[in-house]
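*Asks:* quick check, what structure comes out for this input:
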Amino acid sequence: MATSAPHHPTSHWHTLDDGRVQCDICPRACKLRDGQRGLCFVRAREGDEIVLTTYGRSSGFCIDPIEKKPLNHFLPGTPVLSFGTAGCNLACKFCQNWDISKSREMDTLMDQASPEAIAEAAVRLGCRSVAFTYNDPVIFHEYAIDVAQACRERGIRSVAVTAGYVCPEPRAEFYRHMDAANVDLKAFTERFYHSVCAAHLEPVLETLVYLRHETDVWFELTNLLIPGENDAEEEIEAMTEWVVEHLGPDVPMHFTAFHPDWKMMDKPRTPPATLTRAREIALRNGVRYAYTGNVHDEAGGSTYCHACGETIIGRDWYTLTGWRLTEDGACRSCGARCPGVLEAQPGTWGPKRQPVRLAGLGA
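*Replies:* All right, here's what the predicted structure looks like:
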């Protein structure tokens, strides 16, 4: 059985003149007195320092298709060992993992594993990567980095599924250890971020620009479209124009469907036509790889050559139905390269979702 260190020392905090200690992981800058926790609930003040209370503890492990993160250009078809902890540094009213991200019960953390045990489990289970997901790895910064280091030593890659709400110094430290990321660009207005997520847009945009221009991390974007909140065509126009101008045309965008959840039960499900229209706007504005998600849409889920239009990766939900790339990731029809982390042949994991207990593996 792996051991855990529930109160793990952290960095990225400083003491204020009034005696409070400020957490500097994210722009929320929680200022804590002894015994208090930040909004994320897992970074807490004990004595004169900030500690991580969830180090080595998880809300559960599951093998997913990498396309579920979603990442369509990173080791397509391969299995990824996914896990999260508890808590979150945003307060999204529509959170679709609220039972984990909003948890205030440590009993949610049912599985324990050291970083080395997670890396060993990924190898044993045949996973090509490990994903920090279900809640944001920004808040379990130290644990995620230690897991990523252990995984890298075993040839396993690391994936961050994140809202990108992080301060510059910890951001640079964190992404030195990541191989890929999916960043949730929740909207393109400050109004939405402030009123729906209790956060701000600008730090997320800064994270995206940093990833594109100062790292080699492969990343893709997800935009969950909520009827009447962030689905206006004008907003999608502005967002996709910004992406092409500041990040370039090769960063994939996933437009995904909302379903009523948590504190936003009054909104309807996103009509598939809204996702299709968003994808069309993105393509028209120069985004070369735009996808629909959370709906059955083979056309919107497949990858097309940006040069000749050939279907180079066919997808039906999370199942790959076609592969027309050469060993070096070029279109077999015209030779144009498809950006991403691609191998000569895709994986064959398919749509399976397999919960696992690391304790049962002897980890």
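
*Asks:* tell me the mean pLDDT over the top helix by length along the chain?
*Replies:* Counting residues, the longest helix found in the chain (DSSP state H) is helix 233-247. Averaging pLDDT along helix 233-247 yields 98.

*Asks:* so what does the following helix or strand past it touch, helix or strand wise?
*Replies:* Downstream of helix 233-247, the first helix or strand assigned by DSSP states H and E is strand 253-257. In terms of contacts (3 or more CB pairs under 8 Å, 6 or more residues apart in numbering; DSSP states H and E), strand 253-257 is packed against strand 218-225, helix 272-284, strand 290-293. For the C-beta atoms, the positions are set from N, CA and C on the backbone; glycine is no exception.

*Asks:* hang on, the earlier thing: next, the buried residues of the longest helix of the chain.
*Replies:* 235-237, 239-241, 243-244, 247 (16 or more other CB atoms under 10 Å).

*Asks:* ditto for stretch 200-209
*Replies:* For stretch 200-209, a neighbour-count test (16+ other CB under 10 Å) marks 201, 203-208 as buried.

*Asks:* now stretch 40-55
*Replies:* Here stretch 40-55 shows 40-45, 50-55 as buried, counting by 16+ other CB under 10 Å.

*Asks:* and stretch 57-66, end to end?
*Replies:* 23 Å (CA to CA, to the nearest Å).

*Asks:* and it, how far from the chain's centre?
*Replies:* 13 Å (CA atoms, centre = their mean, to the nearest Å).

*Asks:* quick one, helices of the chain?
*Replies:* 98-101, 115-125, 141-153, 168-175, 190-197, 202-214, 233-247, 272-284, 298-301.

*Asks:* save those as CSV, and put in distance to residue 66 too.
*Replies:* CSV is the format used below for the helices of the chain (distance: least, CB to CB, whole Å):
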stretch, distance to residue 66
helix 98-101, 20
helix 115-125, 13
helix 141-153, 15
helix 168-175, 19
helix 190-197, 26
helix 202-214, 18
helix 233-247, 21
helix 272-284, 20
helix 298-301, 13
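
*Asks:* rank these by pLDDT, which is bottom?
*Replies:* Across those, helix 98-101 has the smallest mean pLDDT, namely a mean of 51.

*Asks:* which residues sit against the longest helix of the chain?
*Replies:* Residues from elsewhere that reach helix 233-247 (CB atoms under 8 Å, 6 or more residues apart in numbering): 185, 187-189, 205, 208-209, 212, 221, 223, 251, 253, 277-278, 281-282, 285-287.

*Asks:* 7 Å instead, please
*Replies:* Contact partners of helix 233-247, identified using CB atoms under 7 Å, 6 or more residues apart in numbering, comprise 188-189, 208-209, 212, 221, 223, 251, 253, 277-278, 281-282, 285-287.

*Asks:* of those residues, buried ones?
*Replies:* 188-189, 208, 212, 221, 223, 251, 253, 277-278, 281-282, 285, 287.

*Asks:* closest to residue 260 among the residues you listed?
*Replies:* residue 223 (18.0 Å; CB to CB).

*Asks:* where does this protein dip in pLDDT?
*Replies:* 1-6, 97-110, 262-263, 360-363 (pLDDT under 70).

*Asks:* pick the one among the buried residues of helix 233-247 closest to residue 358.
*Replies:* Closest to residue 358, out of all of the buried residues of helix 233-247 and judged by CB to CB, is residue 247, at 36.1 Å.

*Asks:* can you pull the contacts of residue 196?
*Replies:* 92-93, 229.

*Asks:* how about residue 119?
*Replies:* So, once contact is read as CB under 7 Å, 6+ apart, residue 119 ends up touching 150-151, 153-154, 156.

*Asks:* residue 283 too?
*Replies:* residue 290.

*Asks:* quick check: angle from the longest helix of the chain to helix 202-214?
*Replies:* Helix 233-247 runs at 40 degrees relative to helix 202-214, counting by axes from the mean of the first three to the mean of the last three CA atoms, to 10 degrees.

*Asks:* now the residue nearest the centre of the chain. Nearest residue, chain neighbours left out?
*Replies:* For the chain, the residue nearest the mean C-alpha position is residue 161 (1.3 Å; CA atoms, centre = their mean). Nearest residue to residue 161, sequence neighbours excluded (CB to CB, 6 or more residues apart in numbering): residue 133, at 3.9 Å.

*Asks:* ok, the one you found to residue 61 distance?
*Replies:* Applying CB to CB, to the nearest Å, the value for residue 133 to residue 61 is 11 Å.

*Asks:* quick revisit: in JSON lines, list the buried residues of stretch 200-209 along with distance to residue 21.
*Replies:* Shown next, in JSON lines, are the buried residues of stretch 200-209 (distance: CB to CB, whole Å):
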{"residue": "201", "distance to residue 21": "27"}
{"residue": "203", "distance to residue 21": "21"}
{"residue": "204", "distance to residue 21": "25"}
{"residue": "205", "distance to residue 21": "28"}
{"residue": "206", "distance to residue 21": "24"}
{"residue": "207", "distance to residue 21": "24"}
{"residue": "208", "distance to residue 21": "30"}
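
*Asks:* which one of the residues you listed is nearest to residue 82?
*Replies:* For those, the nearest to residue 82 is residue 207 (21.2 Å; CB to CB).

*Asks:* now do that closest one against residue 155, distance only.
*Replies:* Residue 207 is 27 Å from residue 155, by CB to CB.

*Asks:* quick one on the thing from earlier: now, which of the buried residues of helix 233-247 sits nearest residue 17?
*Replies:* Using CB to CB, these come closest to residue 17 at residue 247, 39.5 Å.

*Asks:* one step back: most neighbours among the contacts of residue 196, please name it.
*Replies:* Compared across the contacts of residue 196, residue 92 has the highest neighbour count, 25 neighbours, by other CB atoms under 10 Å.
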